[in-house]
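Asks: Structure for the following, please:
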Amino acid sequence: MKTLLVIEEAKYWGDLQMLLSKVGVTFLGFDKKTPNRSEINQLVAKADFVIMRNRNVAHHSIRFAKEACKMTGTPFWIGSNFGIETIINKLNETFPSENFVLPKSPNKSLKKNPKTQNEPQKVLQETVKRQELHPYLKTKKKNLPLKKVLAQVKIDDDDIDFGKLFK
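Replies: Sure thing, here's the model as predicted:
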């Protein structure tokens, strides 16, 4: 069983602990604002592989861990975004003698697909029933408010005396 040290903010850990235990890897996490060099040296000594999330090498914990890895000969990787698949790929590259594979659970994928297929069918069936219950309006019952208002307005054909209007 290999030990993996992950140096990143704890909010990014997510399900890494649980998923790595399924693969057969022990998880060590480190997230501190002000790290001690001795703490990081001890964690690197326990770990078989170190993964760091930060491109900024000036960050103290990253710098300390990188130096400790070089001193002990522990393999490390620095990345900005990674998930369980990336971690497993890096472990397989680093330790080719061991096979790290995440077991897939077919039950989860089967449960998701029928739900998405059933919901649109129910909606379509409901809309068909509504259309059958409420037939379209007949053409004789059109609502024409403008035509009604214009019919009430009467225009005289008498000549208008504009001279009287503008005095």
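
Asks: Could you report the neighbour count for L91?
Replies: 24 (other Cβ atoms under 10 Å). Glycine gets a C-beta too; all of them are placed from N, C-alpha and C.

Asks: wait, it sits on F49?
Replies: Yes - counting by Cβ atoms under 8 Å, F49 is a contact partner of L91 at 6.3 Å.

Asks: can you list residues touching both of the two?
Replies: K2, L4 (Cβ atoms under 8 Å, 6 or more residues apart in numbering).

Asks: I figured K66 hits F76, correct?
Replies: Yes - judged on Cβ under 8 Å, K66 makes contact with F76 at a distance of 6.6 Å.

Asks: which residue is nearest the centroid of the protein?
Replies: G83 (12.4 Å; Cα atoms, centre = their mean).

Asks: Next up, phi/psi of it, please.
Replies: Main-chain dihedrals, G83, degrees, to the nearest 10: phi -130, psi -170.

Asks: Then L28?
Replies: Torsion angles, degrees, to the nearest 10, at L28: phi -120, psi 130.

Asks: And for F95?
Replies: The phi/psi pair for F95 (degrees, to the nearest 10) is phi -120, psi 80.

Asks: Look up how far L4 lies from it.
Replies: 11 Å (Cβ to Cβ, to the nearest Å).
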